[in-house]
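>>> Task: produce atomic coordinates for the following.
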Amino acid sequence: MMTEFIIVLITAQKEEEAVEIAKDIVAKNLAACVNIVRGVRSIYRWRGKTEDEEEVLMVVKSRRTLFPDLMKRVKELHRYTVPEIIALPIIEGSEEYLGWLKEETG
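Okay, the predicted model is just below:
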């Protein structure tokens, strides 16, 4: 059975960029809520080199059916060539919260 609700993880280089993306996708009802977590240290491979950077992490609450539009919009706004945009299923949650999430992304 496919899960209706998802958490989408998105990293950004600067908090200002994350705020811009978050406000846009919430205003467009592509997400009900975005948490921005500062001080994330990312160690990754890019173009054959190991990078060690400080980033911010966006934790986006949305619905699976909205993911294609959400991903498209994030790519339009994001400064990275290959932004991290990863969706994870919400297996369970409080009935009230999931009801609110559905209402705000409807």
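
>>> CA only for contacts and neighbour counts going forward, please
Fine.

>>> Quick check: phi and psi on Phe5?
When read as degrees, to the nearest 10, the backbone of Phe5 gives phi -100, psi 150.

>>> what about it, how many neighbours?
23 (other CA atoms under 10 Å).

>>> Use 15 as the first number for this chain going forward.
Noted, 15 is the first residue going forward, which turns the last one into Phe19.

>>> Quick check: bridge partners of it?
Residues in a beta bridge with Phe19, per DSSP bridges, are Arg77.

>>> Quickly note the distance from it to Phe81.
10 Å (CA to CA, to the nearest Å).

>>> got it, and Leu112?
The value you get for Leu112 to Phe81, if CA to CA is used, is 17 Å.

>>> so where is the protein shaky, pLDDT-wise?
15-16 (pLDDT under 70).

>>> hmm, 50 instead?
Residue ranges of the chain with pLDDT under 50: 15.

>>> can you give me the strands for it?
19-26, 47-60, 63-77, 99-103 (DSSP state E).

>>> Now do the buried residues in the longest one.
Taking 16 or more other CA atoms under 10 Å as the neighbour-count basis, strand 63-77 is seen to contain the buried residues 68-77.

>>> quick revisit: could you dump the strands of the chain into TSV and include distance to Lys89?
Converted to TSV, these look like this (distance: least, CA to CA, whole Å):
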stretch	distance to Lys89
strand 19-26	11
strand 47-60	16
strand 63-77	14
strand 99-103	9
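
>>> Compare those and report which one is nearest to Met85.
Nearest of the strands of the chain to Met85, taken as CA to CA: strand 99-103 at 6.8 Å.

>>> For Val48, list the residues it contacts.
By CA atoms under 8 Å, 6 or more residues apart in numbering, the contact list for Val48 reads 36, 40, 72-75.

>>> so where's the longest helix in the protein?
Among the segments of the chain that qualify as a helix by DSSP state H, the longest is helix 29-41.
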